[in-house]
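>>> below are the sequence and a predicted model for it; my questions follow.
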Amino acid sequence: MLKKILTVLLIDDSPEYAELVQRWLSPKNDIEFVLNWTDSLMAGLHRLAKGGVDVILLDLGLPDSHGLKTFTTTATHALGVPIVILSAGDSESLALQMVQEGAQDYIIKSACNGGVLVKALQYAVGRSSQKAFGETAAEQGTMIGVMGAKGGVGATTFACNLAIELRRQTDQGTLLADLDVNAGLVSFLMKTEAEYSILDAAANIHRLDPSFWEGIVAKGLGGVDIVQSPNLLGVDDADVQKIQHVFTLIRTFYRWTVLDLGRMTSLSLSLLDKVSELYVVTMLTVPELYEAKRTIDALLKAGLEADRLRVIINQVGRAQEFSGRQLSRIFGVEVYAILPGAARELQDACTQGKLLGANSDYRVQIATLARKVAGLPKETSGGAVAQLCSFAGKFRKNNKDVEAATRT
């Protein structure tokens, strides 16, 4: 019979106690424990975000957090993983309070031994499983990344309009996060001003619950929540690990989250595992295609699966220089969507601080993409899908004309 394996996350700043727990959790009959140890709350949250943890052993006195807040922060990030409190003898009343708040159990560290620890972990996992039986886990929303192959290709404009259409088409909570930390164009395009940025959320990760988050975001066009960039022009990138934690947590706050990642950076690469789809936006000049090819190759090399990669050709109303077949050969992946040139109407909408008109070709095609992302049924033949197909048909016809002219 195969042994049952339980992964235990110990969050405790004492190497000596971690070594003792490791000895206590040596293989026990029909169960095997795998111990992961971190010596701070932030490191523990980072490990927790990777998944695969069955139970948490949590000390309340850590270098970066103390007392009840240590438990509430961990519980917020744990998303159903049972927590066993490691309590000092003089804080037993606090440990009992945490059990009332949702901890599975507590252990007095000075009275603990191998047998006590193993039973507490087994019972915690067992009770947690029974409680979860027949229930669904906290629903996690869908995150979508948008990346520009280079500056000036319209990636932020695309991200803003995609977020607006996801909100409009589904009538569900939608967040647009500006993670181009050296630019901050989202707030300009969405006509929002906020006192705080994503860095403020990262700096207050221990306090980050829905009510605190409401004070971070601003309301943008179309009812979309906006978390703005810190606009760190000329400054080093933000703390990648803390921003990862922010999005691990807030993905439960929204059905849809659109991340404007700017260009490829260490921050954008660190968030690839959180997005279900990554849209790479480019245009059709030779330098833009060159940068798009470099970006796509780097993303695939970094481990992004090809079926999560979506190439968007922006502003194809301009003269075509390459056929669809040539573009596919250049990129190594199929072009996912093509968007019409809409510079004037996008400029007017931005200047006036309003949404694109309902009959805008650009808006219609973004709406079609949003419905596809959301898994919504196709609209009627006169709707957005038909217009998109018509536009794509013209694009293919232009390509054939170009190829025929080339052969001639």
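Now that the structure is in, tell me what you want to look at. Fair warning: this is a prediction, and the values are worked out from it, not measured in the lab.

>>> the spatially most central residue of the chain: what's it in contact with?
Nearest to the geometric centre of the chain sits residue 274, at 4.2 Å (C-alpha atoms, centre = their mean). By C-beta atoms under 8 Å, 6 or more residues apart in numbering, the residues touching residue 274 are 143, 244, 247-248, 251. Quick note: C-beta positions are derived from backbone N, CA and C, even for glycine.

>>> repeat the analysis, applying 10 Å as the threshold.
Counting by C-beta atoms under 10 Å, 6 or more residues apart in numbering, residue 274 touches 49, 140, 143, 145, 244, 247-248, 251, 257, 259.

>>> next, give phi and psi for the residue nearest to residue 302 when sequence neighbours are not counted.
Once flanking residues are discounted, residue 302 sits nearest to residue 269: 5.6 Å by C-beta to C-beta, 6 or more residues apart in numbering. For residue 269, the backbone dihedrals are phi -70, psi -30 (criterion: degrees, to the nearest 10).

>>> quick thing: my sequence starts at 208, can you match it?
That works, and once the first residue is 208, the last one we named lands at residue 476.

>>> low-confidence ranges in the stretch 308-457 of the chain?
Within the stretch 308-457 of the chain, the ranges that satisfy pLDDT under 70 run 335-346, 439-445.

>>> what residue spans form the domains of this protein?
Taking automatic domain parsing as the criterion, the chain consists of the domains 211-339, 349-614.

>>> wait, residue 417 touches residue 457, no?
Yes. Checked against C-beta atoms under 10 Å, the pair residue 417 and residue 457 is within contact range at 8.7 Å.

>>> more neighbours: those two, which one.
residue 457 (22 against 11; other C-beta atoms under 10 Å).

>>> what about the more buried one, distance to residue 241?
Residue 457 sits 29 Å away from residue 241, going by C-beta to C-beta, to the nearest Å.

>>> do the same with residue 485
32 Å.

>>> compare those two (neighbour count), which wins?
Set residue 485 next to residue 241 and count neighbours by other C-beta under 10 Å: residue 485 wins out with 22 against 13.

>>> what's the average pLDDT for the helix or strand harbouring the more buried one?
Assigned by DSSP states H and E, residue 485 belongs to strand 484-489. The pLDDT scores in strand 484-489 average 95.

>>> neighbouring strands for that strand, and are they parallel or not?
strand 349-355 (parallel), strand 516-520 (parallel) (DSSP bridges).

>>> quick one, which of these is packed in tightest?
Most buried of the strands paired with strand 484-489, by mean neighbour count (mean count of other C-beta atoms under 10 Å): strand 349-355, with a mean of 25.

>>> following the chain onward from that strand, which element is next?
Using DSSP H and E, the first helix or strand after strand 349-355 is helix 362-377.

>>> let me know the angle separating that following helix from strand 484-489.
Counting by axes from the mean of the first three to the mean of the last three C-alpha atoms, to 10 degrees, helix 362-377 points 140 degrees away from the direction of strand 484-489.

>>> off-centre distance for helix 362-377?
Relative to its chain's centre, helix 362-377 lies at 16 Å (C-alpha atoms, centre = their mean, to the nearest Å).
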